[in-house]
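Enquirer: I'd like to go over a predicted model; first the sequence, then the structure.
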Amino acid sequence: MFATLGNWSGGVKKLCVVILNYRRADLTLRCLRSLEPELAGNPDWCAVVVDNGSDDQSTEQIDTALRERCWSQWCQLVRSETNGGFAAGNNLGFQAVEAEAYLLLNSDTCVRPGSITRLLHIMQLNPRAGLIGPRLETPDGEPQISCFRVRSPLSEFLAAAATGPMTRLLRSFDIGIPVRDEPHEPPWISFAAVLIRREVIEQVGSMDEEYFMYFEDIDYCRRVRQAGWTILHDPSARIVHLRGGSSSVKTAITNRDRIPSYYYESRSRYFAKFYGGRFGLWLTNLLWLAGRSISRVRELVGNKRPHICAFEARDNWTNWWSPMQPPAIPSGDEL
């Protein structure tokens, strides 16, 4: 699984930072600028930018910056001929450099000073922590929810119902975990920024490339926990996340627009994979419809705007995952 890029020497690195780029060279270069004070001059740390088949000038812009700013001393550019999605791109990063740990970063992140050192220290103090997540925050320091409970058919019911009393009654099935100021072990953490031990990849394997984008992180977290590792979130390490900068899905959710079909294809794969095949997915969709009937009544009575995205009820049923059919990638900025 692991390989070493030819123009680097010195054996196994202690850390490899993996950044995915797809048509967002501006964000990627901003992320690299935040890494320069941390990685430059440290022969044990390196970075890899994986370009996921960008059809613009991204690779040329990044390659020029690496050479002109001397970033090539600690960062390499890996080009993929196709856009295989989030999991496939990160897997290329794993294969590019042999390292003791991998820090996956979205292109829309910036590393706060000292956070990488802190994450590696946390990893040393917690030998059973297979995945470690930092605190994600806005540029002005406002924390973001980045820890979650397992996504289940009942959580789909709650999300569709969007009713406070019902959510409080079934709180253990509500996905989002409120921000905490102390370390804890959530079932699932955001992969916008996550530190992964090499031993975890060797034991559990790479991320599931049948997910184009979304749900691959919760899938991997479940597999890591099933293998006996813990997942740790420690807010003492801080990374800025410009939420939605590398994907249009969150923007669509915020605006309640139609979400790209690949999101629903990943959703159908996840629920079929972990909840009993097509029957589990059908059950999930039926529970979603039951929850939606509750929120729909509230919207009609209160003359409120629907809280779901456009065509969501239809797309839950019609966008089925198929390993034989590649996802339709819109002309936006998806990975």
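Expert: Okay, I see it.
Enquirer: Would you mind listing the buried residues in the lowest-mean-pLDDT helix or strand in the chain?
Expert: When each helix and strand of the chain is scored by mean pLDDT, DSSP states H and E, helix 249-255 comes last, with a mean of 82. Buried residues in helix 249-255, counted by 16 or more other Cβ atoms under 10 Å: V249, A252. No exception for glycine: its C-beta is placed from N, CA and C like everyone else's.
Enquirer: Name the residue most distant from the centre of this protein?
Expert: Seen from the C-alpha centroid of the chain, the residue lying at the greatest distance (Cα atoms, centre = their mean) is V301, 37.4 Å away.
Enquirer: any idea which helix is longest in the chain?
Expert: As assigned by DSSP state H, the longest helix anywhere in the chain is helix 277-302.
Enquirer: Distance from the chain centre to the helix or strand just after that helix, please.
Expert: For helix 277-302, the succeeding helix or strand toward the C-terminus, using DSSP states H and E, is helix 312-318. Here the centre of helix 312-318 is set off from its chain's centre by 23 Å, with Cα atoms, centre = their mean, to the nearest Å.
Enquirer: now stretch 53-63
Expert: That offset, for stretch 53-63, works out to 22 Å (Cα atoms, centre = their mean).
Enquirer: Okay, helices next: where are they in the stretch 101-250 of the chain?
Expert: Remark: helices assigned in the stretch 101-250 of the chain by DSSP state H, counting those that start in this stretch are 115-125, 153-161, 164-169, 198-204, 216-226, 249-255.
Enquirer: on that earlier part again, which other helices and strands contact the longest helix of the chain?
Expert: With contacts defined as 3 or more Cβ pairs under 8 Å, 6 or more residues apart in numbering; DSSP states H and E, the packing partners of helix 277-302 are helix 153-161, helix 261-274, helix 312-318.
Enquirer: Output the helices of the stretch 101-250 of the chain in a markdown table, with distance to A290 appended to each entry.
Expert: Written out in a markdown table, the entries for the helices of the stretch 101-250 of the chain read as follows (distance: least, Cβ to Cβ, whole Å):
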| stretch | distance to A290 |
| --- | --- |
| helix 115-125 | 41 |
| helix 153-161 | 6 |
| helix 164-169 | 11 |
| helix 198-204 | 35 |
| helix 216-226 | 22 |
| helix 249-255 | 21 |
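Enquirer: T64 is in contact with A25, correct?
Expert: No. Contact between A25 and T64 fails when scored by Cβ atoms under 8 Å: they sit 9.7 Å apart.
Enquirer: So those two - more neighbours on which side?
Expert: Regarding A25 and T64, a neighbour count based on other Cβ atoms under 10 Å identifies A25 as having more, with 23 against 13.
Enquirer: for the nearest residue to W45 once chain neighbours are set aside, what are its contacts?
Expert: The spatial neighbour of W45 that comes closest, neighbours along the chain excluded (Cβ to Cβ, 6 or more residues apart in numbering), is L15 at 4.5 Å. Counting by Cβ atoms under 8 Å, 6 or more residues apart in numbering, L15 touches D44, W45, C46, A99, E100, A101, Y102, L103, I116, L120.
Enquirer: what about the nearest residue to S115 once chain neighbours are set aside, how many residues close to it?
Expert: Excluding its sequence neighbours, the residue lying closest to S115 (Cβ to Cβ, 6+ apart) is A237, at 4.4 Å. A count of neighbours around A237, defined by other Cβ under 10 Å, yields 23.
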